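Q: Build me a model from this:
(one chain, ligands or ions: 1)
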Amino acid sequence: MWDTFLGKRLKGAKYAIKGAYLLIRNEASIQVQVFIAIVMTIAGFYFEISKTEWIFQILAIGLVLSVEGLNTAAEEIANFVHPDFHSKIGYIKDVAAGAVFFAAITAVIIGCIIYIPKF
Ligand SMILES: Nc1ncnc2c1ncn2[C@@H]1O[C@H](COP(=O)(O)OP(=O)(O)OP(=O)(O)O)[C@@H](O)[C@H]1O
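A: Next up is the predicted model:
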């Protein structure tokens, strides 16, 4: 069953769900982002944001969690291939963190556009 086209896709999805679970269980940065996502979701219901606002909020949450997850993967690869201090590893980790910064700034701006007018 797992050797068919559909079976291989299902197996891939199984590993992806396992990866998402590992990120949430092991990574403090992801746990913080998930907490913020839950708070923002509660805020969305509390302020009864519009369908368009929900779409942007969900996209922002997904963007941050996705990029944070990829940043963690980059850090893990860097630590595995070169556990010792190296300027190149420092550069790789810094640019991966920079990607998270872009995503986080985008999410904050979206949050401000949605919620500031509600006060
Ligand atoms: N092996 C290394 N060589 C050079 N610089 C490093 C190395 N490891 C970390 N750094 C520098 O330290 C910064 C933070 O490292 P890292 O992202 O691993 O966070 P941490 O706080 O050490 O670990 P964690 O995120 O798991 O708590 C990097 O962005 C990089 O500038």
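
Q: Can you tell me the element the residue most central in space within the chain falls in?
A: The structure's the chain has its C-alpha centroid closest to Leu65; by CA atoms, centre = their mean the separation is 1.0 Å. Per DSSP states H and E, Leu65 falls inside helix 51-81.

Q: That helix and the ligand in contact?
A: Yes - using CB under 6 Å from any ligand atom, helix 51-81 reaches the ligand at Glu75. No exception for glycine: its C-beta is placed from N, CA and C like everyone else's.

Q: chain center to stretch 77-89: distance?
A: Distance of stretch 77-89 from the chain centroid (CA atoms, centre = their mean, to the nearest Å) equals 23 Å.

Q: What helices and strands are in contact with the helix or strand bottoming out on mean pLDDT in the chain?
A: Ranking every helix and strand in the chain by mean pLDDT, DSSP states H and E puts helix 5-26 at the bottom, with a mean of 94. In terms of contacts (3 or more CB pairs under 8 Å, 6 or more residues apart in numbering; DSSP states H and E), helix 5-26 is packed against helix 28-46, helix 51-81.

Q: Could you single out the most deeply buried of those?
A: Highest mean neighbour count of those: helix 51-81, a mean of 16 (counted as mean count of other CB atoms under 10 Å).

Q: Skip ahead from that one and say which helix or strand is next.
A: For helix 51-81, the succeeding helix or strand toward the C-terminus, using DSSP H and E, is helix 87-115.

Q: residues in contact with Lys88?
A: His82 (CB atoms under 8 Å, 6 or more residues apart in numbering).

Q: From the ligand, how far off is it?
A: Distance of Lys88 to the ligand, given as CB to the nearest ligand atom, to the nearest Å: 8 Å.

Q: same deal with Ala16?
A: In terms of CB to the nearest ligand atom, Ala16 sits 22 Å off from the ligand.

Q: do Lys118 as well
A: The value you get for Lys118 to the ligand, if CB to the nearest ligand atom is used, is 34 Å.

Q: these two touch, right, that residue and Ser50?
A: No - using CB atoms under 8 Å, Lys118 is not in contact with Ser50, being 11.1 Å away.

Q: The residue in the chain that the ligand sits nearest to: neighbour count?
A: The nearest approach of the chain to the ligand comes at Gly90, 2.8 Å away (CB to the nearest ligand atom). Residues near Gly90, counting by other CB atoms under 10 Å, number 11.
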